[in-house]
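1. Mind folding the following:
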Amino acid sequence: MTPIDPLAPFRLDDRVVILTGASAGLGARFARVLDAAGASLVLVARRRDRLEALAGELRDALAVPCDLSDPDAPATIVDAAIARHGHIDVLVNNAGVNLVKAATEETVDEFRHELQVNLVAPFALSALTARTMIDGGRRGSVVNIASVWAMGGIGQIPDAGYAASKGGLVSMTRELAAQWARKGIRVNTLAPGWFRSEMTEGSMFGDERSERWMFQRTPMGRGGEEHELDGALLFFASDASSFVTGTVLPVDGGWTAV
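-> Numbers count the residues shown, from 1 in each chain. Modelled structure (predicted):
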């Protein structure tokens, strides 16, 4: 009998992965996790110095500094990946911006900027990446990083643009999954709860009142630890989820269960 290796499907050896928002926080952690699983990485972020430093720590990583608010950025990223590797296997749409501001104070331009980075750019990247997969006859996976903001209103932390963009990302996930399923391309979404990151430091974590509110509302009574997204990310990126598409997985300590 051939021995069973239950961890083998989670490997990403010989897979090319585009990862946006890779220069810090959860994105930098994702880069290290994907690298450890064997992937060749195309790392995307605005901050060139951080991005290139991270790429230098990994086995096979290409830094592509760019700003996803630029409409030309998605094509630049995909072209760089194809020039380096000839194909793409996985796209992780992780980059995001937020603006904590009451809706009555948020300008249309600010709202539009959040949509551009958090929703429009992921759509463009997904479409371009899927086209290369289809043209090359390759299977692939798109992993969108949304938020518990996509699952319901929060109110105490006002950010209509972020909520709209992440909610749109969830709906887009389902539609693209339905369009591309028979072409061998899976599309899924992670919806993290409260994790310590550059975005949440000081506003949620490190502020006693905010932490008390967050912990009281989270059934597990705490925020997420950095490593607690590793398994979910690898599951969706790898063949471990080969029969899963159009799914939204909250990793939130029970936040969306109550």
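2. Mind checking the pLDDT average for the helix or strand where His113 lies?
-> For His113, the host element (DSSP states H and E) is helix 108-115. Helix 108-115 carries an average pLDDT of 97.
3. Return the residues in contact with the closest residue to Gly221 other than its chain neighbours.
-> Distances taken as C-beta to C-beta, 6 or more residues apart in numbering place Phe215 nearest to Gly221, at 5.3 Å, with adjacent residues excluded. Backbone N, C-alpha and C define where each C-beta goes, glycine included. Contacts for Phe215 (C-beta atoms under 8 Å, 6 or more residues apart in numbering) come out as Gly221, Arg222, Gly223.
4. Narrow those residues to just the buried residues.
-> Among the contacts of Phe215, those buried by neighbour count (16 or more other C-beta atoms under 10 Å) are Gly223.
5. Can you add pLDDT, distance to Ala83 and secondary structure and give the contacts of Phe215 back as CSV?
-> Below are the contacts of Phe215 laid out as CSV (pLDDT from 0 to 100; distance: C-beta to C-beta, whole Å; DSSP: H, G, I helix; E, B strand; the rest coil):
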residue, pLDDT, distance to Ala83, secondary structure
Gly221, 94, 48, coil
Arg222, 93, 44, coil
Gly223, 92, 40, coil
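6. wait, isn't Val44 in contact with Ala95?
-> Yes - look at Val44 against Ala95 with C-beta atoms under 8 Å: they come within range, at 6.9 Å.
7. The two: who's more crowded?
-> Val44 (32 against 24; other C-beta atoms under 10 Å).
8. Shouldn't that one be within a strand?
-> Yes - under DSSP: H, G, I helix; E, B strand; the rest coil, Val44 sits within a strand.
9. so who does the closest residue to it other than its chain neighbours touch?
-> Excluding the flanking residues, the one nearest Val44 by C-beta to C-beta, 6+ apart is Thr20, at 4.4 Å. By C-beta under 8 Å, 6+ apart, the residues touching Thr20 are Gly27, Val44, Ala45, Leu68, Ile77, Val92, Asn93, Asn94, Ala95, Ala121, Pro122, Leu125.
10. Most neighbours among these, which one is it?
-> Val44 leads the contacts of Thr20 on contacts (other C-beta under 10 Å) with 32 neighbours.
11. can you pull the contacts of it?
-> Contacts for Val44 (C-beta under 8 Å, 6+ apart) come out as Ile18, Leu19, Thr20, Gly21, Ala22, Leu51, Val64, Pro65, Cys66, Leu68, Ile77, Ala95.
12. ok, the residue nearest to Leu115 when sequence neighbours are not counted to Glu110 distance?
-> Leaving aside its sequence neighbours, Leu115 sits nearest to Ser165 (C-beta to C-beta, 6+ apart; 5.1 Å). The gap separating Ser165 from Glu110 is 12 Å, by C-beta to C-beta, to the nearest Å.
13. same question, Ala31
-> Look at Ala31 and Glu110: by C-beta to C-beta, they are 29 Å apart.
14. Got the phi and psi for Ala63?
-> Backbone torsions of Ala63, given as degrees, to the nearest 10, read phi -90, psi 130.
15. Check which helix or strand the residue nearest to Gly221 maps to.
-> Following DSSP H and E, one finds Phe215 within helix 208-217.
16. Quick one: the strands in the stretch 101-250 of the chain, in order.
-> 140-145, 185-192, 248-251 (DSSP state E, counting those that start in this stretch).
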